[in-house]
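Asker: Sequence and predicted structure are below.
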Amino acid sequence: MSRLRSLVIRFGAPLVVVAGVAGVLAARRAVALRNTIGLWADSLKHGSGPLALGVPFVPAYLDGRKIGSLDSLRLERHQPRAVDSLRLVIDLAREAADDPDVRGCTFQLVTFDPGDFKRALECASDTAGLVPFGRVVFVQGGEAPLYVSADELGCAPWTDRADTACIRERVQEQVQRDVRRARDEMRRVRVRVR
């Protein structure tokens, strides 16, 4: 047997075994996560009582800026197909942990759409017209209130109200938020230019 072949067998075979074991473990974890999410969704639809889900490695964004990762979320509910409040636990990134804008923020959940998760949380400048909906807890210590608009809460995924009027209201609200955001940005730029 040649030396190269001997080296390949000596080192390659254990690497193949290790890679195979890692692949099997990763597949089992993926199946377990899928089953957990399935049970969680079924419990959300049919169950009552608090429901917690650990979601490591999911990024957390505030006003479109990454502030860390979502550690877990907990839904508080007293009847099926209704959520009374939400508790988000966020592991802040180093820069965000020291940022007073993040620590002093009054969080607003602006959408329940999972496809728009980068814009789901915003800093609310005014809580008029907003409904308290839980809190945001930081792993590093501290917490902040969490609000949601009454219209968005009425159109939440666990409600039966998914009609066109609800969708139209959500789109109108999103357009108004985008216009406000653009105006605020123009004001900030104008102040910097002066």
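Answerer: That came in fine, so what should we check first?
Asker: For residue 128, give me the pLDDT.
Answerer: The model reports residue 128 with a pLDDT of 86.
Asker: Provide the secondary structure category for it.
Answerer: Secondary structure state of residue 128, per DSSP: H, G, I helix; E, B strand; the rest coil, is coil.
Asker: how far away is residue 154 from residue 56?
Answerer: 31 Å (C-beta to C-beta, to the nearest Å). For glycine as for every other residue, the C-beta is placed from the backbone atoms N, C-alpha and C.
Asker: My error: substitute residue 141 in the last question.
Answerer: Applying C-beta to C-beta, the value for residue 141 to residue 56 is 19 Å.
Asker: Pairing partners for the helix or strand hosting residue 89, with directions?
Answerer: According to DSSP states H and E, residue 89 maps onto strand 85-92. Strand 85-92 pairs in its sheet with strand 65-76 (antiparallel), strand 130-138 (parallel), by DSSP bridges.
Asker: For residue 96, which of these is the nearest?
Answerer: strand 65-76 (3.9 Å; C-beta to C-beta).
Asker: Just the buried positions in the closest one, please.
Answerer: Neighbour counts over strand 65-76 (16 or more other C-beta atoms under 10 Å) mark 67-75 as buried.
Asker: Give me the distance between that strand and the centre of its chain.
Answerer: In terms of C-alpha atoms, centre = their mean, to the nearest Å, the centre of strand 65-76 is set 5 Å apart from its chain centre.
Asker: And for stretch 26-46?
Answerer: 17 Å.
Asker: same check, this time on stretch 72-79
Answerer: Counting by C-alpha atoms, centre = their mean, stretch 72-79 is centred 15 Å from the centre of its parent chain.
Asker: what sits up against that stretch?
Answerer: For stretch 72-79, contacts defined as C-beta atoms under 8 Å, 6 or more residues apart in numbering pick out 44, 48-55, 83-89, 134.
Asker: Using PDB, write down the CA coordinates of it.
Answerer: Extracted C-alpha coordinates of stretch 72-79, given in PDB (Å, rounded to 0.1, in the frame of the first residue of the first chain):
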ATOM      1  CA  SER A  72     -36.800  33.300  23.700                       C
ATOM      2  CA  LEU A  73     -40.400  34.400  23.600                       C
ATOM      3  CA  ARG A  74     -43.300  33.700  25.900                       C
ATOM      4  CA  LEU A  75     -46.900  34.100  25.000                       C
ATOM      5  CA  GLU A  76     -49.300  34.700  27.900                       C
ATOM      6  CA  ARG A  77     -52.800  33.600  27.200                       C
ATOM      7  CA  HIS A  78     -56.000  32.600  29.100                       C
ATOM      8  CA  GLN A  79     -58.000  31.100  26.400                       C
END
